[in-house]
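**Q** below: sequence and its predicted model.
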Amino acid sequence: MTSRTMTLRDRITALLRTRTGEEFCAACIAKMLDVRHKSAHQAALKLEASVAFRRQYGRCSTCGKTRLVATALGPTAAPPD
């Protein structure tokens, strides 16, 4: 980041991008980033609008529970001509 302080959304984005393909629930994101669960959940909600991230029900890579999880999507193939 630049000289500004990273927002929680920025921190979640960085976490998910460094672990592309893994899925994390808000509770585990909160523990990893040392923030409140509600704060992690609200920040993760904002990522839903991005095509680079997905939130869906799945198994969390950290706790193994089936919950609403967030993941960074890897690079996508170019559409056929």
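**A** That came through, no problem. Every value quoted in this text rests on a predicted model; they were computed, and no experiment measured them.
**Q** what bridges to Gly58?
**A** The bridge-partner assignment for Gly58, based on DSSP bridges, gives Arg67.
**Q** tally up the residues packed near the residue nearest to Thr66 when sequence neighbours are not counted, please.
**A** Of all residues not flanking Thr66 in the chain, Arg59 sits nearest, at 5.4 Å (Cβ to Cβ, 6 or more residues apart in numbering). All C-beta spots, glycine's among them, are computed from the backbone N, C-alpha and C. A total of 13 residues lie near Arg59 under the criterion other Cβ atoms under 10 Å.
**Q** check the one 4 residues further on too.
**A** Using other Cβ under 10 Å, Cys63 is surrounded by 13 other residues.
**Q** surely it is in a strand?
**A** No: counting by DSSP: H, G, I helix; E, B strand; the rest coil, one finds Cys63 to be coil, located in no strand.
**Q** where along the chain do the helices fall?
**A** Residue ranges of the helices in the chain, as given by DSSP state H, are 8-18, 26-33, 37-47.
**Q** put together a markdown table for the ones you listed, with mean neighbour count, distance to Lys65 and mean pLDDT on each row.
**A** Shown next, in a markdown table, are the helices of the chain (neighbours: other Cβ atoms under 10 Å; distance: least, Cβ to Cβ, whole Å; pLDDT from 0 to 100):
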| stretch | mean neighbour count | distance to Lys65 | mean pLDDT |
| --- | --- | --- | --- |
| helix 8-18 | 17 | 18 | 94 |
| helix 26-33 | 19 | 8 | 97 |
| helix 37-47 | 17 | 13 | 93 |
